[in-house]
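*Asks:* Pasting the sequence and the predicted model now:
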Amino acid sequence: MMFWYGDGMNGWGWFAMAAGMVLFWGLLITAVVLIFRSLDRAAGRPVRQGPTAPEQILGERLARGEIDEEEYRRRLSALRSGEP
């Protein structure tokens, strides 16, 4: 029995209760998502440190077999000389 409201809550009381519930669940879900994202980032993939050097990309392509050694040497010399 509620002594100060008579029969029960008025319209503003219901609105405040509904808004509080939506706010509570929204904050809880947001916190859980942010925690899982930070844990996934920390334990998962390595963070890239910026753009990869062109010579490193060329070496990776040679290692994967996309280009042969002659093409690798030709492109490497073009990179080092600054020619297109």
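*Replies:* Perfect, thanks for sending it.

*Asks:* count of neighbours near A78?
*Replies:* By the criterion of other Cβ atoms under 10 Å, A78 has 12 neighbours. In this view, the C-beta of every residue, glycine as well, is placed from N, C-alpha and C.

*Asks:* now the helix or strand hosting it: how far from the chain's centre is it?
*Replies:* Assigned by DSSP states H and E, A78 belongs to helix 69-81. In terms of Cα atoms, centre = their mean, to the nearest Å, the centre of helix 69-81 is found 36 Å from the chain centre.

*Asks:* Who are the packing partners of that helix?
*Replies:* Judged by 3 or more Cβ pairs under 8 Å, 6 or more residues apart in numbering; DSSP states H and E, the packing partners of helix 69-81 are helix 54-64.

*Asks:* Okay, buried residues for the helix it packs on please.
*Replies:* Neighbour counts using 16 or more other Cβ atoms under 10 Å place L58, L62 of helix 54-64 among the buried residues.

*Asks:* So which elements touch that helix?
*Replies:* The contact analysis (3+ Cβ pairs under 8 Å, 6+ apart) places helix 54-64 against helix 69-81.

*Asks:* Okay, buried residues for the helix it packs on please.
*Replies:* Y72, R75.

*Asks:* which residues are in contact with it?
*Replies:* P54, E55, L58, G59, R61, L62, I67, P84 (Cβ atoms under 8 Å, 6 or more residues apart in numbering).

*Asks:* What separation is there between the fourth one and D68?
*Replies:* When Cβ to Cβ, to the nearest Å is the yardstick, G59 and D68 sit 13 Å from each other.

*Asks:* now swap in the second one and tell me
*Replies:* Taken as Cβ to Cβ, the spacing of E55 relative to D68 amounts to 17 Å.

*Asks:* if we can go back for a sec, and the helix holding A78, average pLDDT?
*Replies:* Helix 69-81 shows a mean pLDDT of 91.

*Asks:* Now do it and helix 54-64, the angle between them.
*Replies:* For helix 69-81 against helix 54-64, the angle by axes from the mean of the first three to the mean of the last three Cα atoms, to 10 degrees is 180 degrees.
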